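1. Starting from these lines, generate the structure:
(one chain, ligands or ions: 1)
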Amino acid sequence: KQAVAVVGAGIAGIAAAVRLAAQGHAVTVFEGRSSFGGKMHQFELPGGYRFDAGPSLFTLPGLVDELFRHAQRDPRDYFRYERLDPITQYFFADGTRLTAWADEEKFAREVEHKLGVPAAEVTRFLHGSRRAYEATAPTFLHKSLHRPQSYWSRDTLRAVAEMPRLGLLSTMHARHRQAFPQDARLVQLFDRFATYNGSDPYQAPATLSLIPHLEHGLGAYYPEGGIYSIASSLVRLAEELGVEFRYNEPVEQILTAGGRVTGLRTPQDVYDFGLVVSNMDVVPTYRRLLPQQPAPERTLAQPRSSSALIFYWGIAREFPELGLHNIFFSQDYRREFEAIFREQTVADDVTVYVNITSKHTPADAPPGHENWFVMVNVPHDQGQDWPALQQRARAAVLRRLNQALGLDVAPLIRAERSWTPPGIAADTSSFGGALYGSSSNTMLAAFLRHPNFSRKLDGLYFCGGSVHPGGGIPLCLLSARIVADLIN
Ligand code: FAD
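-> Coordinates of the predicted model:
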């Protein structure tokens, strides 16, 4: 039994704390802010609107259940969720609407009916997505890619054998165009899955076409009470297991001696720890907490994922045509991604994502009202004029929503707040406010993410969206599992 410090109470830090405490370690979590969750926090706006600030789409709920089981608990005593059906409402620029049903066959028939693409072609594509997921997940997601022993397994050989078929040399967009040459709208629909890890479908390798399988094959879920309940239920478990959470106590330095971690310094005190798990973004972990250590510059220089501009709106009306997840596509998707990834700006015509949790948790908005989380993908912060970009994006969002919904949305907004890339960076210490750490726009991205351990300092580990296997709730949970496995 050892004393372990976790730096940061983001979802990966919480998950790592649960695993390590369940394995008998004495775990202390240092969190710079007044509460847990990081990007996964919640807040309320005047008038009775509750919002999940960050993530809204939840897949692979089994990874959360696994944490409760790991601690010999029944997950259902802590955390409940439902499988979504339908998953998403799509609004295309030409006025076409399409419902993504959970059932693959039903979804394929909807595509045939609305877009004219034969259902069999949709089913064939989704089967390919499943094969790609099954071939790669055990190797690329479930274990450290940075330990030689990870490469000596049947799973790895199988993944390597599948490589040519997975289309590493082609892009996601090219793969989708090849699958659906007759309909640009369906290509746009599947291209959007690149944004699930903050990447660009026109650059990202075709391998990422495995992402649709997560949603269409394995399912999209909604946790009872909203996404925040993932973090809050796990914190409850962690506290029961004896984890100590120290809020408002930012770690200022990780102390080292002779190639080993020896402890931490915070504004309050100096602590001895032989094991430290950083859930802080890996870039500021090196820059701020380990200023004397040589940093892995090449790794830290990997291009960042996209960030987001989010408008949280209390809306004085109900929209029966909308669901939990709604996508309003732009006319020119390629232009949108060029703006984000090549020009570091925001296009004039943007794809708008609207998430409305009051559809499933009525208490999240007053009767007759809805809580709209309205998000646009934007580049990470590199010093752009965000107030100007935000104003432009807000106008573009309203134009798009007014057009699709056939009314003027602005007068319905009764409460408002926004989150920008610099705001996300300031509130969560994420480098540039990137949502998912480094992007997956190249074939090698998976290998170039920072490992879950330090190559230089014994006793130092890393979890969270900026390190292997990447960002998003499921991958953050996997990073915590890999760290716990490495420590043991
Ligand atoms: P973070 O959430 O980044 O938290 C890090 C924590 O560490 C923070 O609490 C911070 O205060 C603390 N900290 C930092 N430095 C210190 C220090 N020195 N000392 C003490 N504490 C420190 N994912 C999905 O799966 N689905 C989605 O739909 C989705 N949508 C998203 C939308 C938005 C707007 C955002 C912002 C993210 C979204 N994501 C989504 C990504 C997902 O939220 C993240 O990948 C995940 O929550 C990151 O968790 P993390 O453990 O890396 O830590």
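2. I'd like to know how far residue 336 sits from residue 200.
-> 10 Å (Cβ to Cβ, to the nearest Å). Bear in mind the C-beta positions are built from the backbone N, C-alpha and C, glycine included.
3. now swap in residue 416 and tell me
-> Taking Cβ to Cβ, one finds residue 416 at 29 Å from residue 200.
4. Looking at these two, which one has more neighbours?
-> Neighbours were counted for residue 416 and for residue 200 using other Cβ atoms under 10 Å; residue 200 has more, 26 against 14.
5. quick one, what contacts the more buried one?
-> Applying Cβ atoms under 8 Å, 6 or more residues apart in numbering, we find residue 200 in contact with 194, 306, 337, 340-341, 439, 441.
6. Can I get stretch 325-344 in PDB, CA atoms only?
-> Extracted as PDB, the C-alpha positions of stretch 325-344 are listed here (Å, rounded to 0.1, in the frame of the first residue of the first chain):
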ATOM      1  CA  HIS A 325     -28.600  15.700 -29.800                       C
ATOM      2  CA  ASN A 326     -29.300  18.000 -32.900                       C
ATOM      3  CA  ILE A 327     -26.900  18.800 -35.700                       C
ATOM      4  CA  PHE A 328     -27.500  21.700 -38.100                       C
ATOM      5  CA  PHE A 329     -25.000  21.100 -40.900                       C
ATOM      6  CA  SER A 330     -23.300  23.900 -42.900                       C
ATOM      7  CA  GLN A 331     -23.400  24.100 -46.700                       C
ATOM      8  CA  ASP A 332     -19.600  23.700 -47.200                       C
ATOM      9  CA  TYR A 333     -18.000  21.300 -44.700                       C
ATOM     10  CA  ARG A 334     -14.600  21.400 -46.300                       C
ATOM     11  CA  ARG A 335     -14.500  25.200 -45.900                       C
ATOM     12  CA  GLU A 336     -15.400  24.900 -42.300                       C
ATOM     13  CA  PHE A 337     -12.500  22.600 -41.500                       C
ATOM     14  CA  GLU A 338     -10.000  24.600 -43.600                       C
ATOM     15  CA  ALA A 339     -11.000  27.600 -41.500                       C
ATOM     16  CA  ILE A 340     -10.400  25.600 -38.200                       C
ATOM     17  CA  PHE A 341      -7.200  23.600 -39.000                       C
ATOM     18  CA  ARG A 342      -5.400  25.700 -41.700                       C
ATOM     19  CA  GLU A 343      -6.500  29.300 -41.000                       C
ATOM     20  CA  GLN A 344      -7.100  29.000 -37.300                       C
END
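7. which of the residues in it are buried?
-> For stretch 325-344, burial by neighbour count (16 or more other Cβ atoms under 10 Å) applies to 325-330, 333, 336-337, 339-341.
8. And stretch 133-150, by the same measure?
-> 133-141, 143-146, 150.
9. Same question for stretch 445-455.
-> 445-446, 448-454.
10. Next: stretch 39-58.
-> Result for stretch 39-58 [16+ other Cβ under 10 Å]: buried residues 39-42, 45, 48-58.
11. Keep those, but drop any that are not near the ligand.
-> For the ligand, the contacts drawn from these by Cβ under 6 Å from any ligand atom are 39-40, 54-57.
12. Turn those into JSON lines, including distance to residue 314.
-> Below are those laid out as JSON lines (distance: Cβ to Cβ, whole Å):
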{"residue": "39", "distance to residue 314": "21"}
{"residue": "40", "distance to residue 314": "21"}
{"residue": "54", "distance to residue 314": "18"}
{"residue": "55", "distance to residue 314": "20"}
{"residue": "56", "distance to residue 314": "17"}
{"residue": "57", "distance to residue 314": "22"}
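13. Filter these down to the ones in helices?
-> Counting by DSSP state H, no part of these is found in helices.
14. Please identify which of those is nearest to residue 429.
-> Nearest to residue 429 among these: residue 39, at 10.5 Å, using Cβ to Cβ.
15. was I right about that closest one contacting residue 419?
-> No: taking contacts as Cβ atoms under 8 Å, residue 39 lies outside contact range of residue 419: 9.7 Å.
16. Give me the common contacts of the two.
-> residue 53.
17. Just the ones in strands from the buried residues of stretch 39-58, please.
-> 42, 45, 49-52, 58 (DSSP state E).
18. So which of those is the closest to residue 365?
-> Nearest member of these to residue 365, counting by Cβ to Cβ, is residue 49, at 5.3 Å.
19. Tell me who's in contact with that closest one.
-> Per Cβ under 8 Å, 6+ apart, neighbours of residue 49: 312, 314, 364-366, 369, 371, 415.
20. And the spatially closest residue to it that is not a sequence neighbour, how close does it get to residue 226?
-> Nearest non-adjacent residue to residue 49, counting by Cβ to Cβ, 6 or more residues apart in numbering: residue 314, 4.0 Å away. Going from residue 314 to residue 226 by Cβ to Cβ gives 16 Å.
21. Residue 90 now?
-> For residue 90, the distance to residue 226 - Cβ to Cβ - is 23 Å.
22. try residue 309
-> For residue 309, the distance to residue 226 - Cβ to Cβ - is 21 Å.
23. one step back: reformat the buried residues of stretch 325-344 into a markdown table and put pLDDT and distance to the ligand next to each item.
-> As requested, these are exported to a markdown table (pLDDT from 0 to 100; distance: Cβ to the nearest ligand atom, whole Å):
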| residue | pLDDT | distance to the ligand |
| --- | --- | --- |
| 325 | 98 | 9 |
| 326 | 98 | 13 |
| 327 | 98 | 12 |
| 328 | 98 | 16 |
| 329 | 98 | 17 |
| 330 | 98 | 19 |
| 333 | 98 | 19 |
| 336 | 98 | 17 |
| 337 | 98 | 18 |
| 339 | 98 | 18 |
| 340 | 98 | 15 |
| 341 | 97 | 18 |
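24. In strands only, show me the residues you listed.
-> Residues of those located in strands (DSSP E): 325-328.
25. show me what contacts the closest residue to residue 36 other than its chain neighbours?
-> Residue nearest to residue 36 in three dimensions, not counting chain neighbours: residue 9, with 3.8 Å by Cβ to Cβ, 6+ apart. Each residue near residue 9 by Cβ under 8 Å, 6+ apart is listed here: 17, 29, 31, 35-38, 235, 245, 247, 279.
26. Where do the helices of the stretch 101-250 of the chain begin and end?
-> Assigned by DSSP state H, counting those that start in this stretch, the helices in the stretch 101-250 of the chain fall at 104-115, 119-136, 154-166, 172-179, 184-191, 211-212, 228-240.
27. which outside residues touch the last one?
-> Contacts with helix 228-240, where a contact means Cβ under 8 Å, 6+ apart, come from 9, 11, 14-15, 17-18, 21, 27, 29, 36-37, 40-42, 52, 58, 64, 67-68, 71, 73, 78-79, 223, 245, 473.
28. show me the contacts for the most centrally placed residue in the chain.
-> Geometric centre of the chain, nearest residue: residue 472, 2.4 Å, by Cα atoms, centre = their mean. Contact partners of residue 472, counting by Cβ under 8 Å, 6+ apart, are 55, 196-197, 436, 465.
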